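> Have a look; sequence and predicted model below, questions after that.
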Amino acid sequence: MSSYRILWRVLPMVLIFFPRPSHAQAVDSTQIARFQLAESYLRGAQFDRAIALLEDLHTASPKTYVFFDRLRQAYEGVKRYDDAIRLIDERVRLIPATAALLAEKGRLLYLKGDEESAASAWNGAINANPASPNAYLSVYRSQMQLRLFDQAVKVLESGRVALKKEDLFQTDLAYLYGLTADYARSMTEYLRILGQNERQLGYVRSRLSRYSNQEEALRVGTTVVERAVRKQPMNRVYRELLSWLYLEGGHYREAFSANQALDRLAQAHGNILFTFARQAADAGAYDVALDAYRVILARYPSAPIAPEAQRGIGEMFERRADKKGERIFDDDGRRLDAPDYDKALAAYRTFLRVYPRHPHYPDVLQRIGRLQQDIFMDLTAADSTLQDVAIRYPGTDAAFQAAYDLGRIAIQRDDLAEATLAFSRLADRLRTGELADRARYELALIHFYQGEFEATLALTQALQENTSADVANDAIELKVLVVENRGPDSLNTPLRQFASAKLLERRHQLPEAISTLDDLLQQSDNHPLDDDARFLRANLLRKIGRVPEALAAMLELPQIHPDSFLADRSLFAAAEIQERELNDRSAAIATYTRLLVEYPGSLLIPEARARIRQLRGEDA
């Protein structure tokens with residue numbers, strides 16, 4: 001709501017219900033109506049008519065503040081600064097001058113361009129009541145409106161000296177020092193605030209977060225807090241702030257040390273370390289998170305948080321293996337050395353052995369089943385483990401997830417009838433929620449694999465309209481794939497071939513899937529599905545370790561299909577291969593840069609820029 005409309009509504013109440021000072025004047029209903037008319041003129045940009053009315057009102061009732069203030073604003077709005085200044089001078093003669101009124105005169109003089117007179121007016125505002133902090137604050141606020149930050153700093157600093165109070169204006173000066181890039185003094189003020197009231201930590205963090213993306217501000221601020229911690233090692237709130245600064249700067253190893261000290265200082269028995277480990281994990285700092293979980297187990301083996309730490313170790317090994325692209329089998333199916341996946345499995349099994357009655361037992365058992373299924377490709381072991389979860393822990397989230405995974409095993413075994421039954425039962429049982437939606441999406445995929453495209457479209461339409469964002473996006477992508485790529489014959493032969501390749505991928509028969517895609521591309525004649533087929537083929541080549549071929553295919557796709565919605569994703573995947581599998585930093589930077597140049601509207605632009613900075617060492 002505009003300030004005009006607010007004032008129009010509240011003016012009668014202001015005039016009627018608020019007690020008037022001794023120098024105020026009574027306002028009648030006619031004046032209120034004329035004031036409201038003036039406001040309507042201002043809203044309609046009829047400034048001359050509005051000012052004429054306000055001048056009459058002010059002349060009739062010069063002590064009424066709202067008439068004075070609105071006229072002053074109107075003069076300023078049309079840059080009639082001399083008239084606004086004259087209005088203030090008249091009011092100063094009429095009623096006792098206040099620091100706020102004199103400071104406002106200084107602001108108007110500055111806007112007029114008379115900086116010398118503005119400085120004189122501001123000095124007069126302070127000299128009017130030099131023993132009052134409000135005098136300095138009034139001048140500071142008027143200068144802040146003009147973005148005169150350096151002058152505002154001097155005003156508040158002089159107030160501290162004049163009033164002999166070093167703790168005055170702490171929040172204002174802390175903010176001002178930050179605006180003027182004096183980060184050391186800014187952080188010193190924030191530390192003083194915390195020294196007086198530890199409960200202000202949230203406030204301090206919120207103010208500092210404005211500068212958390214400025215490297216110099218973080219570096220200087222962190223140095224100041226490190227010095228404070230060394231001087232007062234038992235000050236918990238200083239250490240909490242230091243930990244937060246390390247996290248904001250991406251210094252997870254330093255943050256780990258800070259949180260170890262915090263945990264001991266607070267006698268938290270691993271709880272603070274556990275929270276930090278989760279923060280580090282969310283940021284992808286899996287090595288640091290692993291160390292935090294290990295410290296918890298070593299120092300507090302009997303603490304309530306210890307089982308969570310043991311589960312966290314398994315999760316970190318698993319996520320680190322995923323990030324590295326660790327492979328279990330080579331192109332010929334021979335078992336490879338996969339230390340992180342093996343350690344994840346071992347950590348989960350340790351949890352089952354040590355904590356057999358823990359509430360997370362079924363969840364950890366389900367995680368083991370998923371590893372057996374998706375990573376170690378041992379469907380027999382996975383089926384046995386997941387059946388155990390579903391039977392022994394019915395009604396739990398782990399059991400529902402196990403039922404979902406059992407449906408996926410049925411797809412991997414090419415038993416689509418069994419998979420359909422499993423997913424249908426799960427969707428009917430849960431009815432709502434992300435897992436139920438996922439089960440329905442799997443049913444749509446089964447229809448797709450079988451070439452039942454009308455049924456696929458019906459299910460994806462329902463999912464698109466009634467589900468969570470993630471599942472809805474997948475449903476939309478599948479729907480678009482079917483709608484745009486049916487034909488050219490009534491059998492939808494290319495789309496059926498593509499669906500067969502996707503099913504072979506689900507069954508981990510990747511060479512057979514690649515062969516099917518090769519046949520599709522050889523037989524098609526510039527079919528709309530070609531870019532999808534090439535992108536899938538390149539990803540499958542990457543999965544089976546044929547990295548140079550995968551890279552060539554990814555780089556080739558944008559040349560063949562420059563307008564494809566997959567072109568930018570293909571370039572990004574090519575850069576990832578160069579960065580991670582081939583360790584060719586310069587080539588990766590060049591490909592990420594190509595993405596920026598050729599597809600400036602891509603949703604991958606922010607991530608590509610971040611990767612380029614990281615590869616250049618700019619985030620170090």
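All right, it came through fine. Numbering: from 1, shown residues only.

> hey, let's count contacts and neighbours off CA atoms from now on
Noted.

> Let me see the contact set for the residue lying closest to G249 once chain neighbours are set aside.
Nearest residue to G249, sequence neighbours excluded (Cα to Cα, 6 or more residues apart in numbering): L218, at 6.7 Å. By Cα atoms under 8 Å, 6 or more residues apart in numbering, the contact list for L218 reads 211-212, 245, 248-249.

> mind checking which helix or strand L218 is in?
Using DSSP states H and E, L218 maps to helix 215-231.

> Give me the residues contacting the helix or strand that comes right after that helix.
Counting by DSSP H and E, the next helix or strand C-terminal to helix 215-231 is helix 236-248. Helix 236-248 has contacts (Cα under 8 Å, 6+ apart) with 191, 194, 198, 201, 205, 212, 218, 222, 225-226, 228-229, 252, 254-256, 258-259, 262, 265-266.

> that older thread, for the helix holding L218, which residues meet the burial criterion?
217-226, 228-229 (16 or more other Cα atoms under 10 Å).

> Select only the buried ones of the contacts of helix 236-248 in PyMOL?
Command for PyMOL that selects the buried part of these, burial taken from 16+ other Cα under 10 Å:
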select buried, resi 191+194+198+201+212+218+222+225+226+228+229+252+255+256+258+259+262
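
> In helices only, show me the contacts of helix 236-248.
Among the contacts of helix 236-248, the residues falling in helices (DSSP state H) are 191, 194, 201, 205, 218, 222, 225-226, 228-229, 252, 254-256, 258-259, 262, 265.

> For the buried residues of helix 215-231, give me JSON lines that also has distance to S117 and pLDDT.
Below are those laid out as JSON lines (distance: Cα to Cα, whole Å; pLDDT from 0 to 100):
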{"residue": "A217", "distance to S117": "36", "pLDDT": "94"}
{"residue": "L218", "distance to S117": "39", "pLDDT": "94"}
{"residue": "R219", "distance to S117": "40", "pLDDT": "95"}
{"residue": "V220", "distance to S117": "38", "pLDDT": "96"}
{"residue": "G221", "distance to S117": "38", "pLDDT": "96"}
{"residue": "T222", "distance to S117": "42", "pLDDT": "96"}
{"residue": "T223", "distance to S117": "42", "pLDDT": "97"}
{"residue": "V224", "distance to S117": "39", "pLDDT": "97"}
{"residue": "V225", "distance to S117": "42", "pLDDT": "97"}
{"residue": "E226", "distance to S117": "45", "pLDDT": "97"}
{"residue": "A228", "distance to S117": "43", "pLDDT": "97"}
{"residue": "V229", "distance to S117": "47", "pLDDT": "96"}
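
> can you tell me which of these lies nearest to I409?
Closest approach to I409 among those (Cα to Cα): L218, at 49.4 Å.

> and that closest one, how far is that from N259?
Distance, L218 to N259, using Cα to Cα, to the nearest Å: 18 Å.

> quick one: low-confidence parts of the stretch 301-450 of the chain?
For the stretch 301-450 of the chain, the stretches with pLDDT under 70 are 331-332.

> continuing past the lengthiest helix in the chain, what's the next helix or strand?
Longest helix in the chain by number of residues, with DSSP H as the criterion: helix 306-324. Using DSSP H and E, the helix or strand that follows helix 306-324 in sequence is helix 339-354.

> Now do the buried residues in that next one.
For helix 339-354, using 16+ other Cα under 10 Å, the buried residues are 340-349, 351-352.

> now stretch 423-439
Using 16+ other Cα under 10 Å as the test for burial, stretch 423-439 gives 423-427, 435-439.

> Likewise for stretch 143-155?
143-144, 149, 152-153, 155.

> can you give me the strands in this protein?
With DSSP state E as the criterion, the chain has no strands.

> Quick check: T591 vs E216, distance?
Distance from T591 to E216, by Cα to Cα: 30 Å.

> For the closest residue to A444 other than its chain neighbours, give me its contacts.
By the measure of Cα to Cα, 6+ apart, the closest residue to A444 outside its immediate chain neighbours is T456, 4.8 Å from it. Going by Cα under 8 Å, 6+ apart, T456 touches 444-445, 447-448, 479.

> If we use 6 Å, what do you get?
Applying Cα atoms under 6 Å, 6 or more residues apart in numbering to T456 gives the contacts 444, 447-448.

> Adding neighbour count and distance to R486 as columns, could you present those residues in a markdown table?
Shown next, in a markdown table, are the contacts of T456 (neighbours: other Cα atoms under 10 Å; distance: Cα to Cα, whole Å):
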| residue | neighbour count | distance to R486 |
| --- | --- | --- |
| A444 | 25 | 16 |
| H447 | 20 | 15 |
| F448 | 25 | 12 |
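
> which ones among these are found in helices?
Of these, the ones assigned to helices by DSSP H are 444, 447-448.

> thinking again about what came up before, reformat the buried residues of stretch 423-439 as a markdown table; add distance to T98.
Putting the buried residues of stretch 423-439 into a markdown table (distance: Cα to Cα, whole Å) gives the following:
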| residue | distance to T98 |
| --- | --- |
| F423 | 75 |
| S424 | 76 |
| R425 | 76 |
| L426 | 73 |
| A427 | 71 |
| L435 | 66 |
| A436 | 67 |
| D437 | 66 |
| R438 | 67 |
| A439 | 71 |
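
> Please spell out the segments of the chain that come in under the pLDDT threshold.
1-27, 331-332, 466-469, 619-620.

> and D470, how many residues sit next to it?
Neighbourhood size, D470 [other Cα atoms under 10 Å]: 12.

> For R349, see how far away it is.
Taking Cα to Cα, one finds D470 at 31 Å from R349.

> swap in A285?
Distance check for A285 against R349: by Cα to Cα, it reads 24 Å.
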